[in-house]
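Student: Build me a structure from this.
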Amino acid sequence: MLLQSRNHARRRGAILTAQGLRKLNQAKSQTEIEQDFKRYTLETLSEKTGLTANTLSKVFIGSAGVDKRTLESCFRAFNLTLQTEDYLYLNPQIGEQAEICSIPHSQQLSATYLSCDSLLETQGDRSTTAQTHKRHQPQDYLQPRPPVLPGGQMPMDSSLYINRPPLESLCYKAIGQPGATINIFAPKQMGKTSLIARILAHAKTLGYHTVSVSLQLADGEILQNLERLLQWFCTRVSKKLGLANAIPNRDNILASKSNASDYFEEVLLANLDRPLAIAIDELSQLFAYPNIANEFLALLRVWSEQAKQSDADSNPWHNLRLVTVYSTEILLPVSINQSLLNAGLAIELPEFTPAQVQELADRYGQEMTLQQTEQLIALLGGHPYRLQLAFYHLQQQTMTLEELLENAAKSVALYADHLQQQWWNLQQYPDLLPCFTQIVMQSTPVDCQAEQGSQLFKMGLVHLQGLQASLACELFRLFFRDRLPQIYN
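Tutor: As a prediction, the model looks like this:
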């Protein structure tokens, strides 16, 4: 009888709700920021909490229930107190059903992918985990949310975001400087938008106002007219700040660079109680209009420089921070002043390293040997989107790793949309086709002209070693070798 009582007191079916996990991760992230962005690993978190790495994985992944005292230890390590709404039992006892059902649906079981960043270990067989949950969970709403098909900005609470040190910490430090300018560039689907979101989220932890403006939302007639572009830009920022009433009734007041500058200085920045971080995405939309691009970029440079001219007390520009982002598939016309894009901190997003690919595999619960990791990188490169899509389908068991690596038709079909986009990008620059065809047809690096090699590299199609170019991934060879020869036959 005494044994039964003790077992009842030490139930091991508790997991964190979405709210509880969010509280824990926010506290962990804040501590990492205070520690100069030194991230927790399973080992360092184990030392901090006194729990084993295996137990911590269960807490952050939610793959199995743990003792309530375990959850309390995790919370206590970050000066938190575990509340009733922060956890629930997978197999409630009589009298607890009503308590669980009273918790809002959004606060019940969190998603399969949780924001535990570098804490995740290999999660094992997903099908077994799903069956275990199905056996023990009393209601359908306790089922884990299905993983999302990769593409677009990665949610802030996703454990699948892979840091690329030291880029994130460099951006976080830079955004804290008056007049800071951060320029982020890479081919599409390399993680630029996800990085922007994290920079702005960090800015919010510093107490900043944040605004994100995408030039993709501006019509062509706006982008090719400087007056209209300045009106549109000032209006978008004002509305995002909830200051629509501050916009002048007459649009032409904002139609020159000097007037737009006055509006920012005297109306927006001077009346804000804290710094403002503005992210300008899809800047490459302006590359089709070089004169407009030069004028707009020069204006941003002036705004950044003005922050350095006097002390903060007398200079509203001290409150401005800028982040510009552009895709490199749209090649920069020679008539655009390249130096205007090199102001401030320049961040070129690289492909994932083999260690980062292995970390991503772990987070998807995929066990891979070193040889398999090397084969996957040879096929797909270190491109984040291509890797995410592969691991998503492996986890969903729509294909095996062997099929992906060995079945050319199946791997090309999986990336059909992505590959067609690469093909469309390449056809916009016919002068690159002969050089690229030679690279595709040869398995060894090809000597190429510096300018052509650089352009193909910026488009994400090749890797460069000096003046020698090699294909960025074998997937491109499988796709392009049946298309390029048609041009010359």
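Student: What segments of the stretch 151-300 of the chain are strands?
Tutor: 181-186, 209-214, 276-281 (DSSP state E, counting those that start in this stretch).
Student: Mind putting those strands into JSON lines with distance to Ser29, mean neighbour count and mean pLDDT?
Tutor: Every C-beta, even on glycine, is put in place using the N, C-alpha and C of the backbone. Output for those, formatted as JSON lines (distance: least, CB to CB, whole Å; neighbours: other CB atoms under 10 Å; pLDDT from 0 to 100):
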{"stretch": "strand 181-186", "distance to Ser29": "20", "mean neighbour count": "23", "mean pLDDT": "96"}
{"stretch": "strand 209-214", "distance to Ser29": "16", "mean neighbour count": "18", "mean pLDDT": "97"}
{"stretch": "strand 276-281", "distance to Ser29": "18", "mean neighbour count": "23", "mean pLDDT": "98"}
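Student: Export those as a markdown table, with columns for distance to Gly365.
Tutor: Listed next are the strands of the stretch 151-300 of the chain as a markdown table, based on distance: least, CB to CB, whole Å:
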| stretch | distance to Gly365 |
| --- | --- |
| strand 181-186 | 28 |
| strand 209-214 | 32 |
| strand 276-281 | 32 |
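Student: Met156: which of those strands is closest?
Tutor: Closest approach to Met156 among these (CB to CB): strand 209-214, 12.8 Å.
Student: Looks like Glu305 contacts Ala180 (just checking).
Tutor: No. The criterion here is CB atoms under 8 Å, and Glu305 misses it with Ala180 at 11.8 Å.
Student: Asn315 and Phe233: what is the separation?
Tutor: Distance of Asn315 to Phe233, given as CB to CB, to the nearest Å: 22 Å.
Student: Between those two, point out the one with more neighbours.
Tutor: Neighbours were counted for Asn315 and for Phe233 using other CB atoms under 10 Å; Phe233 has more, 21 against 18.
Student: ok, now how distant is the more buried one from Ser443?
Tutor: Using CB to CB, we find Phe233 at a distance of 48 Å from Ser443.
Student: what residue ranges in this protein are flagged as low confidence?
Tutor: Within the chain, the stretches with pLDDT under 70 are 1-12, 36-38, 61-64, 91-146, 249-252, 255, 310-313, 485-489.
Student: Now for Ser194, how many residues are close by?
Tutor: Ser194 has 20 nearby residues by other CB under 10 Å.
Student: Tell me who's in contact with it.
Tutor: Gln153, Met154, Tyr161 (CB atoms under 8 Å, 6 or more residues apart in numbering).
Student: How about Gln356?
Tutor: Ile162, Arg164, Gly382.
Student: Next: Ala307.
Tutor: Ala307 makes contacts with Pro178, Gly179, Asn315, Trp317, His318, Leu320, as judged by CB under 8 Å, 6+ apart.
Student: Ser314 versus that one, what's the distance?
Tutor: Distance from Ala307 to Ser314, by CB to CB: 12 Å.
Student: same question, Gly220
Tutor: Look at Gly220 and Ser314: by CB to CB, they are 41 Å apart.
Student: And for Arg76?
Tutor: Distance from Arg76 to Ser314, by CB to CB: 47 Å.
Student: More neighbours: these two, which one.
Tutor: The neighbour count for Arg76 versus Ser314, taken as other CB under 10 Å, is higher for Arg76 (14 against 8).
Student: residues of the host helix or strand of that one that come out buried?
Tutor: Using DSSP states H and E, Arg76 sits within helix 68-77. Buried residues in helix 68-77, defined by neighbour count with 16 or more other CB atoms under 10 Å: Lys68, Thr70, Leu71, Glu72, Ser73, Cys74, Phe75, Ala77.
Student: again with stretch 304-321
Tutor: Ser304, Gln306, Ala307, Asn315, Pro316, Trp317, His318, Asn319, Leu320, Arg321.
Student: Let's see which of the residues you listed end up in helices.
Tutor: Judged by DSSP state H, helices contain the following of the buried residues of stretch 304-321: Ser304, Gln306.
Student: Turn the buried residues of stretch 304-321 into CSV, columns for distance to Lys58.
Tutor: Listed next are the buried residues of stretch 304-321 as CSV, based on distance: CB to CB, whole Å:
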residue, distance to Lys58
Ser304, 47
Gln306, 53
Ala307, 48
Asn315, 52
Pro316, 50
Trp317, 50
His318, 47
Asn319, 45
Leu320, 45
Arg321, 40
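Student: Run through who's touching the helix or strand harbouring Leu376.
Tutor: Using DSSP H and E, Leu376 sits within helix 370-380. The contact list for helix 370-380, computed with CB under 8 Å, 6+ apart, reads 354, 357-358, 361, 368, 386-387, 390, 401, 404-405, 411, 473-475.
Student: The residue nearest to Pro155 when sequence neighbours are not counted in helix, strand or coil?
Tutor: Residue nearest to Pro155 in three dimensions, not counting chain neighbours: Val148, with 7.8 Å by CB to CB, 6 or more residues apart in numbering. Secondary structure, DSSP: H, G, I helix; E, B strand; the rest coil: Val148 is coil.
Student: contacting residues around Leu349?
Tutor: Contacts of Leu349 by CB under 8 Å, 6+ apart are Arg164, Leu167, Ile184, Phe185, Ala186, Met190, Gly191, Lys192, Leu195.
Student: and of the residues you listed, the nearest to Ser284?
Tutor: Out of the contacts of Leu349, the member with the shortest distance to Ser284 (by CB to CB) is Phe185, at 8.5 Å.
Student: Identify the bridge partners of that closest one.
Tutor: Judged by DSSP bridges, the bridge partners of Phe185 are Tyr326, Glu348.
Student: Isn't it up against Thr328?
Tutor: Yes. Judged on CB under 8 Å, Phe185 makes contact with Thr328 at a distance of 5.5 Å.
Student: so Val323 sits in a strand?
Tutor: Yes. Under three-state DSSP, Val323 falls within a strand.
Student: now it: how far from Asn183?
Tutor: 8 Å.
Student: related to what we said a few turns ago, can you tell me which of the contacts of helix 370-380 are in helices?
Tutor: 354, 357-358, 361, 386-387, 390, 401, 404-405, 411, 474-475.
Student: what number of residues lie near Ala472?
Tutor: Ala472 has 25 nearby residues by other CB under 10 Å.
Student: got the contact list for it?
Tutor: Counting by CB under 8 Å, 6+ apart, Ala472 has contacts Gly381, His383, Gly460, Leu461, Val462, His463.
Student: hmm, try it at 7 Å
Tutor: Applying CB atoms under 7 Å, 6 or more residues apart in numbering, we find Ala472 in contact with Gly381, Gly460, Leu461, Val462, His463.
Student: Let me see the backbone angles for it.
Tutor: Ala472 adopts backbone torsions of phi -60, psi -30, taken as degrees, to the nearest 10.
Student: picking that back up, in CSV, list the contacts of Ala307 along with distance to Ala277.
Tutor: Shown next, in CSV, are the contacts of Ala307 (distance: CB to CB, whole Å):
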residue, distance to Ala277
Pro178, 12
Gly179, 12
Asn315, 17
Trp317, 13
His318, 13
Leu320, 8
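Student: I'd like the distance between Leu360 and Gln366.
Tutor: From Leu360 to Gln366 the distance is 9 Å (CB to CB).
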